[in-house]
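>>> got a predicted structure here, sequence first:
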Amino acid sequence: MTRFARLDPVALLALPAILYLAVVYGVPLAGLLARSFVVDGAFSLSAFVAFFSDGFSWTVIGNTIRIAAGVTLVCLLIGYPTALALARAKGAAQALILVAIILPLSVGVVVKAFAWQIVLRRDGVISQALIFLGIWDEPQRLLFTEAGLVLGAANVFVPFMILPIYSVLKLIDPRLTEAAATLGASPLQRFFTVALPLTLPGLVTGVAFVFSMATSMYVVPSLLIGDRFQTLATLTGRSFLFMRNEQLGSTTAVVLLVLSVAVVVASAALSRRFGGET
Amino acid sequence: MTLIERFASVLVWTLAAFTVVFLLTPLAVTVAVSFGSSAVFTLPAPSFSLRWYEAMGRSRDLWPAVATSLQLAVVSTLIALVLGTLAAIGLLRGRFPGRGAAVTFLVSPLMLPGLVLGIAMLEAFRGAGLRSVWASLILAHVVITLPYVVRTVYASLSLFDFTLIDAARILGLSYPKAVVKVMVPSLAPAFVTSGMFAFLASMDNYPISIFFTNAWTKTLPIQMLQYVEESPDPMIAAVSSLLILLAMLVLLVGDRLVGLRRMADL
């Protein structure tokens, strides 16, 4: 009996979607990859050699990773406690936190990036708040700075940090920490030896989500930092849309693709090691 | 409660409160600016005004873009719901080699950079001689909406007890009727949630659409970004406020039908 003779007819239901994505998404991606290794009709690594031997490319790669790491760190610092609070909250507090996460998630990124242009201005809300708190002496512009970009991007991506952590926290049996307390563990010990390890799969997923989205964001940096600061994604977009340099664009696209796939694969492996399902 | 415990608890709630304010700030600022009279985004606004809403009503580029985006989102979500539901059933119930890989493949477009997908599809469509803006946009948007449906319906279906269908048939229902009466209602929340997020993802998409739109056919995010870059004025805040209102309505309906907590299960 061959494999195909045993093929379940129900499995055929999945065929249209798989074929669709294979043709419209799989083949084009493979084509993009394949073409990046072809220069003047022959196999060649020269596009990548040229890219990686250019100092500017390394500035761009550095920018991309620095910004993505900053965004991920901010999201983790405010996202983890928020997930903890959401898991413990009840009633109105819980509803408020949920709305604050899901509503911005449902509003487009152009809308939010535009709003951050206003928030980060010299006379914007943040500048006003920091002066009110006495942290700044005079108004300063955060728009078109790296700090402003990190803040705006963290705002867009923090729900993707909170939700995976929350979904793991929800499943933790509260009796586990009680048991640890009964056995004499201090609150800090309980957190670091019981709660934190159990939430690691969610944490890894959240970090991977946010990091890979922050490396590939295009609209947010276009509006919050402008053309003088290039990341892999903005350089890819600009090469195709404005510079008409499709060779460079394909090369940076492949570098970006490899970076995201590496993050996804690494996070899946890590999360499996920490006992998660994904 | 020990001192450390109390301190940790205060810290958690303070940071959570900060996050809530942080998350809602851009939305609040947008709405505040849209109702202000100032053309330079001054906050608090000198006086209340509806002039940006009037400007929006008069805009000639905006409404075609809204229409394009709505049609595109509805069509691509419907296609995704059909293809995605069939795929979820096939993958969960069917037995064939490489099932896990197939699930990962169907969800993978969500994990890759949109720009890269856009470029890959642009080159492929061009190579295949596809010139129609509409066909390209729909083909490309189904790639983004399909993973949402597959992911959510697959997860929901894996909790569904298929023996219930057998039970319904024993009680005298025909097979199609049993599916409609038993399986469809229990999957309804998954349809609502994934349909909503797929719709919003399509409405919001910029990095893929940008490669397929042209001067005559633009989607809303592309038209809006163009406004912001060329002539930033609070009219965009008025448009944004309407989109925020739309999101609130969608969530309200979602909450009624499914409940916010279930929608938070990514």
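Nice, I can see it.
>>> could you find the closest non-adjacent residue to A:V261?
With sequence-adjacent residues excluded and distances taken as Cβ to Cβ, 6 or more residues apart in numbering or on different chains, A:V261 is closest to B:L112, at 7.4 Å. Every residue, glycine included, has its C-beta placed from N, CA and C.
>>> who touches the one you found in this structure?
A:29, A:216, A:257, A:260-261 (Cβ atoms under 8 Å, 6 or more residues apart in numbering or on different chains).
>>> got it, and A:V107?
With contact taken as Cβ under 8 Å, 6+ apart, A:V107 is in contact with B:27, B:240, B:243-244, B:247.
>>> phi, psi for it please.
Backbone torsions for A:V107, taken as degrees, to the nearest 10, come to phi -100, psi 140.
>>> so where's chain A uncertain?
Per-residue confidence for chain A (pLDDT under 70) gives these ranges: A:1-7, A:275-278.
>>> can you pull out the helices in it?
Along chain A, the stretches classed as helices by DSSP state H are A:15-21, A:27-36, A:46-52, A:55-88, A:91-106, A:109-119, A:125-132, A:146-169, A:174-182, A:187-190, A:196-216, A:219-224, A:232-241, A:246-273.
>>> which positions in the stretch 51-200 of chain B make contact with chain A?
Contact residues of the stretch 51-200 of chain B with respect to chain A, defined by Cβ under 8 Å from any Cβ of the partner chain, are listed as B:83-84, B:86-91, B:93-97, B:102, B:105-106, B:109, B:111-117, B:119-125, B:127, B:139-140, B:142-143, B:146, B:150, B:196, B:200.
>>> which residue packs closest to whichever residue of the stretch 51-200 of chain B sits closest to chain A, ignoring adjacent ones?
Taking Cβ to the nearest Cβ, chain A has its nearest neighbour within the stretch 51-200 of chain B at B:G94, 2.6 Å off. The shortest distance from B:G94 to any non-neighbouring residue, by Cβ to Cβ, 6+ apart, is to A:A11 (2.6 Å).
>>> wouldn't the one you found be in contact with B:F96 here?
Yes: with contact defined as Cβ atoms under 8 Å, A:A11 counts as touching B:F96 (4.4 Å).
>>> between the two, tell me which one has more neighbours.
A:A11 (20 against 17; other Cβ atoms under 10 Å in any protein chain shown).
>>> and the more buried one, what does it touch?
Residues in contact with A:A11 (Cβ under 8 Å, 6+ apart) are B:90-91, B:93-96.
>>> any idea how many residues pack against the residue of the stretch 51-200 of chain B closest to chain A?
A total of 19 residues lie near B:G94 under the criterion other Cβ under 10 Å.
>>> shaky segments in chain B?
By pLDDT under 70, the weakly predicted segments of chain B are B:1, B:265-266.
>>> dump the residue contacts of the most centrally placed residue in it.
For chain B, the residue lying nearest the average C-alpha position, counting by Cα atoms, centre = their mean, turns out to be B:L200 (2.4 Å). B:L200 sits next to A:106, A:108, B:73, B:247, B:250 when contact means Cβ under 8 Å, 6+ apart.
>>> so where does it fall, helix or strand?
Assignment of secondary structure by DSSP states H and E places B:L200 within helix B:184-204.
>>> buried sites along that helix?
Along helix B:184-204, these residues count as buried under the neighbour rule (16 or more other Cβ atoms under 10 Å in any protein chain shown): B:187, B:189-204.
>>> for B:L225, give its distance to B:L117.
As for B:L225, its distance to B:L117 is 18 Å (criterion: Cβ to Cβ, to the nearest Å).
>>> oh, that last question was meant for A:T177, not what I typed.
If you measure A:T177 against B:L117 using Cβ to Cβ, the figure is 43 Å.
>>> then A:I78?
Per Cβ to Cβ, A:I78 is found 30 Å from B:L117.
>>> which one of the two has more residues nearby?
The neighbour count for A:I78 versus B:L117, taken as other Cβ under 10 Å, is higher for B:L117 (25 against 21).
>>> and the residue nearest to A:V261, its phi and psi?
B:L112 has phi and psi values of phi -100, psi 150 when expressed as degrees, to the nearest 10.
>>> how about the helices in the stretch 1-150 of chain B?
Per DSSP state H, counting those that start in this stretch, the stretch 1-150 of chain B has helices spanning B:3-34, B:51-58, B:62-93, B:99-107, B:114-127, B:133-157. These are given in chain order.
>>> dump these into a markdown table; add distance to B:S209 as well.
Written out in a markdown table, the entries for the helices of the stretch 1-150 of chain B read as follows (distance: least, Cβ to Cβ, whole Å):
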| stretch | distance to B:S209 |
| --- | --- |
| helix B:3-34 | 22 |
| helix B:51-58 | 21 |
| helix B:62-93 | 8 |
| helix B:99-107 | 21 |
| helix B:114-127 | 8 |
| helix B:133-157 | 6 |
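>>> let me know which of these is the nearest to A:V119.
Nearest to A:V119 among these is helix B:3-34 (5.6 Å), distances taken as Cβ to Cβ.
>>> which elements pack onto that closest one?
On a contact count with 3 or more Cβ pairs under 8 Å, 6 or more residues apart in numbering or on different chains; DSSP states H and E, helix B:3-34 meets helix A:55-88, helix A:91-106, helix A:109-119, helix A:146-169, helix A:187-190, helix B:235-257.
>>> redo that, cut-off 10 Å
helix A:55-88, helix A:91-106, helix A:109-119, helix A:125-132, helix A:146-169, helix A:187-190, helix B:51-58, helix B:235-257 (3 or more Cβ pairs under 10 Å, 6 or more residues apart in numbering or on different chains; DSSP states H and E).
>>> give me whichever of those helices is most buried.
Each of these was given a mean neighbour count from mean count of other Cβ atoms under 10 Å in any protein chain shown, and the largest, a mean of 26, is that of helix A:109-119.
>>> if we can go back for a sec, how far off centre is the helix holding B:L200?
The chain centroid and the centroid of helix B:184-204 are separated by 8 Å under Cα atoms, centre = their mean, to the nearest Å.
>>> for residue 103, which residues are in contact?
Since you didn't name a chain, this refers to chain A. Residues counted as contacts of A:L103 (Cβ atoms under 10 Å, 6 or more residues apart in numbering or on different chains) are A:159, B:23-24, B:27, B:244, B:247-248, B:250-251, B:260.
>>> that was the other one, I meant chain B.
B:V103 makes contact with A:14, B:87-88, B:91-92, B:150-151, B:154, according to Cβ under 10 Å, 6+ apart.
>>> farthest pair in those?
Considering Cβ to Cβ, no two members of these lie farther apart than A:A14 and B:R151, which are separated by 13.9 Å.
>>> next, B:R95: phi, psi?
Dihedral angles (degrees, to the nearest 10) for B:R95: phi -120, psi 110.
>>> ok, B:N205 next?
phi -70, psi 130.
>>> what residues are up against it?
Residues touching B:N205, when contacts are defined by Cβ under 10 Å, 6+ apart, comprise A:108-109, B:69, B:72-73, B:76, B:114, B:118, B:137, B:140-141, B:144-145, B:219-222.
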